[in-house]
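A.B. asks: Need a 3D model of the following:
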Amino acid sequence: MARSINRLNARAVATITKHGRHADGGGLYLSISPNGGRRWVFLYRWHGKPTEIGLGSARDVTLARARELRRQARSNLAEGLNPKDARKPPNTATFGECADRVIEAMRPSWRNEKHIAQWTMTLRHYAAPLRHLPVDKVGTDDVLSVLKTLWNLKPETASRLRGRIERVLDAAKAQGLRSGENPARWRGHLNQLLPKRPRLTRGHHAAMSYLAVPGFISNLQSRSAIAALALEFAILTAARSSEVLGARWNELDLDRAIWTVPPERMKAAREHRVPLSSRALRIVTDLEDSRTSDFVFPGEKAGRPLSGGALEMVLRRMKEGATVHGFRSSFRDWAAECTNFPNEVCEAALAHVIRNQAEAAYRRGDLFEKRRKLMDSWGTYCIVPTEEKVLAFRS
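C.D. replies: Numbers count the residues shown, from 1 in each chain. The predicted model follows:
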C-alpha cells in the first residue's frame, strides 16, 4: 500500500523540476511554479471551502520543518481553529500607541489646551516606562513601578495618572487589544497595595487685598505689553485667565459693551455674558484698531493666543505674590465689604453655579443689568488709586 503521508524525501525535494504540486501527504505539498520557484503549501478545507496557506520557500524551509508546520496546522484544525487565523501575528499595540489614541479620541470633548497638555505630559513623561510595553502585557507590577515614585511626592498628580492609565487600559480592552482585569483599578486592587493617599489640602489662590488693587492697576497701566493689558482686562471683568486668554473678537459686542463667553470655554459649560466697564471696553477698543488675529490677546505665534503662563509672568516681574485667579477673590471681598449688591448678583458676576437645585430651577435670568452696575462700580474703583479707600457703592 502506498504511503499516505511523508511521501517525499530530501533528494526528491531537491531534484523534482516538474511544475505543479507534489504531495507529501496530510495536506502538505511542494509547489513548483512554471518559472522554477519552489515553496511549501498546506491545503485544507475550512467550513467546506478549499483553503491554502503558504509555509515558506523550499530553499529556506527544510522538509522536516515543513512537516512540523503541517503538524501544527492539523492540530489547529482538530481544535476547531482555522490555521490561517492561528498564524496571524499576536497583538503588537503598545501602551504608548493606545494612550495617544485615547488622547486624540477625547480631544474634541476637552474645553482647553491645558487639559490636553496635562494628559499628554503625564502619559508620555510619568508613564514613559509603560509606553514601549505591549498593551496586553501591562500588569500590576508595571503600573505600581510608575505610581510609587510619585505617590508620596506628588499625590494629586499620581492619582490623576492612575486614573488616566486605567482609562487607556479600559479603552484597549474595549478594542479587543487586552483581556482580564484592569491592573490600574483602584477600588479592591491598588488601594490594597499603595498607602492611603493623604487628603489634598488645597490652599486658596494667593489674593491681593482689594485695597491694593487700584494702586496695582495704576502700576500695571505703565506697562505696554499685551500680557499686561490682558491681566488688567481679567481683573476688571473678574474672569478666569483661561476665559480671557481664549477670548475672540466675535465674542465681543463693542457697541453694547458686552463680552459673551461661549459654553465650551466656561467651567460650568454655560454661556456667560460679561458687561464691560468703560476701562475694560477701552482696552479692547484700542486693541481692535491694530488687530492681527482672531484672538483679542494674541500670542507671538500666528493664530495662537497668549500662553497660559503669560499673566502669571507679569505678576512675577512686578514682584507681586498674588495670583491671577486671586483677583477674583479681591473682587468678591470688595463687593462684600464695600457695596450693597446682593450676594446672588456678585456670585453671578463670577459665573458661579447655584448650588441649591430648587433655587437654580427657578432662576431663569442672568441678572445682567444688575451685574452691569456692579462691574461699572468695580471699574470705577479700580482705576482711581487711593490709599485705604473704602467706597460704599449702592446697588
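A.B. asks: rest of the way, CA atoms for contacts and neighbours
C.D. replies: Noted.
A.B. asks: Low-confidence stretches in the stretch 51-200 of the chain?
C.D. replies: 87-91, 111-112, 197-200 (pLDDT under 70).
A.B. asks: can you map out the strands along it?
C.D. replies: Using DSSP state E, counting those that start in this stretch, the stretch 51-200 of the chain contains no strands.
A.B. asks: can you map out the helices along it?
C.D. replies: Here the stretch 51-200 of the chain has its helices, by DSSP state H, counting those that start in this stretch, at 63-78, 83-86, 95-106, 113-121, 128-131, 140-151, 155-174.
A.B. asks: Now those in JSON lines, please, with extra columns for mean neighbour count.
C.D. replies: Formatted as JSON lines, those follow (neighbours: other C-alpha atoms under 10 Å):
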{"stretch": "helix 63-78", "mean neighbour count": "17"}
{"stretch": "helix 83-86", "mean neighbour count": "14"}
{"stretch": "helix 95-106", "mean neighbour count": "17"}
{"stretch": "helix 113-121", "mean neighbour count": "14"}
{"stretch": "helix 128-131", "mean neighbour count": "18"}
{"stretch": "helix 140-151", "mean neighbour count": "16"}
{"stretch": "helix 155-174", "mean neighbour count": "19"}
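A.B. asks: okay if I get those as TSV plus distance to residue 193?
C.D. replies: Below are those laid out as TSV (distance: least, C-alpha to C-alpha, whole Å):
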stretch	distance to residue 193
helix 63-78	41
helix 83-86	37
helix 95-106	22
helix 113-121	24
helix 128-131	19
helix 140-151	8
helix 155-174	13
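A.B. asks: Which among those helices is found nearest to residue 183?
C.D. replies: helix 140-151 (4.7 Å; C-alpha to C-alpha).
A.B. asks: Show residues contacting that closest one.
C.D. replies: 126-127, 129-130, 157-159, 161-162, 183-184, 194, 197 (C-alpha atoms under 8 Å, 6 or more residues apart in numbering).
A.B. asks: and of those, the nearest to residue 255?
C.D. replies: For the contacts of helix 140-151, the nearest to residue 255 is residue 157 (45.0 Å; C-alpha to C-alpha).
A.B. asks: what's the closest non-adjacent residue to the closest one?
C.D. replies: residue 150 (7.4 Å; C-alpha to C-alpha, 6 or more residues apart in numbering).
A.B. asks: Next: residue 178.
C.D. replies: That would be residue 136: by C-alpha to C-alpha, 6+ apart, it lies 4.4 Å from residue 178.
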